[in-house]
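A.B. asks: pasting the structure only:
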């Protein structure tokens, strides 16, 4: 009987020792970890059109998963199409004008100028003989001489082609019309609102026929691949946090799983703990906001409450002390 009592006593002592050891191990582990609470957030993108107009088609709905570049909304294009076609015709006309100035007169026009000059020169010579003979007055001869001189200058100008000044003016006019065409084509692209990145349509309240002003958002896109948690670290614990520090994220929906992440940002300005912290004592403490990025996963959603555990950084090795000489 006495031996049984001693055995029970030994078992109790061993259990107490094991409990003590377990307690200190757990306490040590908790001391080595920094646990912080927050909620999951995600980046959102507001997409819209620089042009605006009347909605022609709505191609997605709220909650749809879209890929980068996927069309979301299209606007009616009747009037922009007409303006674009008109401007293309203007550019074609300006290109033709430039080519005409650079190339100069056609061979037929050059030959016509030569014939007109020769005809005027024949009249001048004939009137010169008549004037010398006293048949016509000198003013009649002078008129034919002026006409022949003008015809000669027109023929020489036709031989030289367009002037450099005319070429530069035609080129400048063409450049201006081409820039106008580029502007209209860029506007025409705004008739289609595409998703800038893969994500989920969070807000989209449009119907065909709705009028949308320019620069007004038409949809809000949620990027689930870029999710993160904002937590607040007390000033006394800030030395235990550094950028790129590994983190484990836990949520209530998956109690036995942890999702990997890492610290991407530590704010440099201290602030008071937000009011959603549980105790008044904690609210009075100054903290620093820390952003923890979560590795891409489709299982975590924005708005979920999360517990972030930051591993204790490895201690830096002490600097070597050189022996005194």
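C.D. replies: Received it, and whenever you're ready, just let me know what you need. Being a predicted model, the structure only gives us computed values, none of them experimental.
A.B. asks: just read off the phi/psi values of residue 180.
C.D. replies: Main-chain torsions, residue 180, degrees, to the nearest 10: phi -60, psi -40.
A.B. asks: same question, the one 3 residues further on
C.D. replies: In terms of degrees, to the nearest 10, the main-chain angles of residue 183 are phi -60, psi -40.
A.B. asks: what pLDDT does it get?
C.D. replies: Looking at residue 183, its pLDDT stands at 93.
A.B. asks: what about it, neighbour count?
C.D. replies: As a burial measure, residue 183 scores 11 neighbours (other Cβ atoms under 10 Å). Placement of C-beta: from N, CA and C, glycine included.
A.B. asks: how far away is the most centrally placed residue in the chain from residue 63?
C.D. replies: Per Cα atoms, centre = their mean, the C-alpha nearest to the average position across the chain is that of residue 196, at 7.8 Å. Remark: distance between residue 196 and residue 63 (Cβ to Cβ, to the nearest Å) = 18 Å.
A.B. asks: follow-up on the earlier one: if I've got this straight, the residue nearest to the centre of the chain is in a helix?
C.D. replies: No - under DSSP: H, G, I helix; E, B strand; the rest coil, residue 196 falls outside any helix and is assigned coil.
A.B. asks: residue contacts, it?
C.D. replies: 45, 47, 68, 221 (Cβ atoms under 8 Å, 6 or more residues apart in numbering).
A.B. asks: parallel or antiparallel, list what pairs with the longest strand that the chain contains.
C.D. replies: In the chain, taking DSSP state E as the definition, the longest strand is strand 216-234. The strands beside strand 216-234 in its sheet (DSSP bridges) come out as strand 33-49 (antiparallel), strand 199-203 (antiparallel), strand 286-294 (antiparallel).
A.B. asks: coming back round to it: out of the contacts of residue 196, who has the most neighbours?
C.D. replies: Busiest of the contacts of residue 196 [other Cβ under 10 Å] is residue 221, holding 23 neighbours.
A.B. asks: wait, that residue touches residue 42, no?
C.D. replies: No - Residue 221 is beyond contact range of residue 42, at 10.2 Å (criterion: Cβ atoms under 8 Å).
A.B. asks: my guess is residue 77 contacts residue 189. True?
C.D. replies: No - contact criterion Cβ under 8 Å: residue 77 and residue 189 do not qualify, at 10.9 Å.
A.B. asks: counting neighbours, go ahead and name the busier of those two.
C.D. replies: It is residue 77, of residue 77 and residue 189, that has more neighbours when counted by other Cβ under 10 Å, with 15 against 11.
A.B. asks: identify the residues contacting the more buried one.
C.D. replies: With Cβ under 8 Å, 6+ apart, residue 77 has these contacts: 56, 188, 191.
A.B. asks: any chance of these in JSON lines, plus neighbour count?
C.D. replies: Below are the contacts of residue 77 laid out as JSON lines (neighbours: other Cβ atoms under 10 Å):
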{"residue": "56", "neighbour count": "15"}
{"residue": "188", "neighbour count": "15"}
{"residue": "191", "neighbour count": "18"}
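A.B. asks: tell me which of these is nearest to residue 266?
C.D. replies: Minimum distance to residue 266 across the contacts of residue 77 is 43.8 Å, recorded for residue 191 (Cβ to Cβ).
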